[in-house]
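Student: Sharing a sequence plus its predicted fold:
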Amino acid sequence: MRHAFWPRAVVEGTVTLEDGPFDVKGRAMYSYALQGMKPHHAAAHWNFANFQGPNYSAILMEFTTPVSYGSTLVNVGGIAKDGEIVTASCLNKATHTATKQDSENDWPEPSSVRFEWSGKTKDEKNVEGTLETALDGRIDRVDVMAEVPGFVKNIVAAAAGTKPYIYQVCLDIMVCKKFTELTSEPSSTDPRQR
Amino acid sequence: MAGTQEPIYGASAIRSVAEEAASVPYTELQRNDLVWKDLDMTNVETQTFYFFTESGRLASAQVIYNNIACVNFPPSMFFYVPANVYSATADSASRPSSTSRSGQTTLPSQTSGVPRRLITPGSVRTAPPSTPMTAPWSCQRTARSTPSRALSTRRLS
């Protein structure tokens, strides 16, 4: 499995859709993934975070392998600002701080999360970032096996526990969330960035 | 494929990138880190842009190239706006479709009822040359050189 990310970019232009031109002008993030194995054998759980702000961008990808690979957790993430990477590491964390039962598929849908970034800058200063928010803006629940006939899905779910869903949430968190950068000097804290 | 269970290989069968990251936490991407690998083995390769527009809409543009047991599937391109998916594959021209209008072809609806629309070369426009996009490649040229040109190099003979 190989991933490459470009965490902070800008975009301009339009895409013509059925209902007319769609203006994409704004911020962007790019990812490149290569999975050299059946995807459902690579990971059982995923958490993704993508934060785009005026000064900083932060991305995080965390997955847990199925039991076949020891339920191993891998986390990759980083923080960028205009023109440079602030930090990137495998020391980050994604936590579901609260969940609620999804009555339709019986999964515990996260209702609030905390993403934590941790790493060093190029000049060896410690950096931490935290994003904590309630997820009250679910835009999509994707049934990954939606196009598989219902009875097959049920057999698969019963036999292998495979019942893949993706919960996608988009929030405007510019207003009330904080993203702080700590330096290695304990007594000083950088001003909060939004 | 779905629903097949794997034997228990154990945690020693996975080598996490965290091991390398302990000494070299990250590297900065160069242009050739982003070229398609086009491997000769079962794999899925995908590149995706996620857009956060000034108008508050979300969108993503994705190209996926599947190779399952050495059978190359034509690469698919998706432009995804939440609640609607617009997709095209390299062989869509040979599929039955409804009559086109102004160069665009409507593909038959999938079972999920989501309408899909072929994204033709001319329909993806980018910013004029004077305002280049800051993106990993010269995205402006890539997008304008059209998805179908990128896809056609992948066509199986």
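Tutor: Looks like it arrived, so ask away. Only a predicted model underlies this, so the values are computations on that prediction, with no experimental measurement involved.

Student: Give the residue spans of chain A that score low on pLDDT.
Tutor: A:38-40, A:137-140, A:142-149, A:152, A:156, A:159-162, A:168, A:170-194 (pLDDT under 70).

Student: So which residue is dead centre in it?
Tutor: In chain A, the residue lying closest to the centroid (C-alpha atoms, centre = their mean) is A:Phe48, at 1.5 Å.

Student: Enumerate the positions of whichever strand or helix holds that one that are buried.
Tutor: Using DSSP states H and E, A:Phe48 sits within strand A:45-52. Neighbour counts over strand A:45-52 (16 or more other C-beta atoms under 10 Å in any protein chain shown) mark A:Asn47, A:Phe48, A:Ala49, A:Asn50, A:Phe51, A:Gln52 as buried. For glycine as for every other residue, the C-beta is placed from the backbone atoms N, C-alpha and C.

Student: Out of the residues you listed, flag the one nearest to chain B.
Tutor: Relative to chain B, the closest of the buried residues of strand A:45-52 is A:Gln52; by C-beta to the nearest C-beta it sits at 5.1 Å.

Student: where exactly do the helices run in chain A?
Tutor: Secondary structure of chain A by DSSP state H: the helices cover A:39-42, A:150-160.

Student: Count the residues that sit near whichever residue of chain B sits closest to chain A.
Tutor: Chain A sits closest to B:Ala11 of chain B, with a gap of 2.9 Å, by C-beta to the nearest C-beta. Per other C-beta atoms under 10 Å in any protein chain shown, the neighbour tally for B:Ala11 reads 12.

Student: need the contact list for it.
Tutor: B:Ala11 makes contact with A:Tyr69, A:Gly70, A:Thr72, according to C-beta atoms under 8 Å, 6 or more residues apart in numbering or on different chains.

Student: picking up where we left off before, show residues contacting the strand holding A:Phe48.
Tutor: Taking C-beta under 8 Å, 6+ apart as the rule, strand A:45-52 contacts A:8, A:27-29, A:57-64, A:77, A:94, A:96, A:113, A:115, A:131, A:166, A:173, A:179, B:50, B:52.

Student: Which members of these are classed as buried?
Tutor: For the contacts of strand A:45-52, buried by 16+ other C-beta under 10 Å: A:8, A:27-29, A:57-64, A:77, A:94, A:113, A:115, A:131, A:173, A:179, B:50, B:52.
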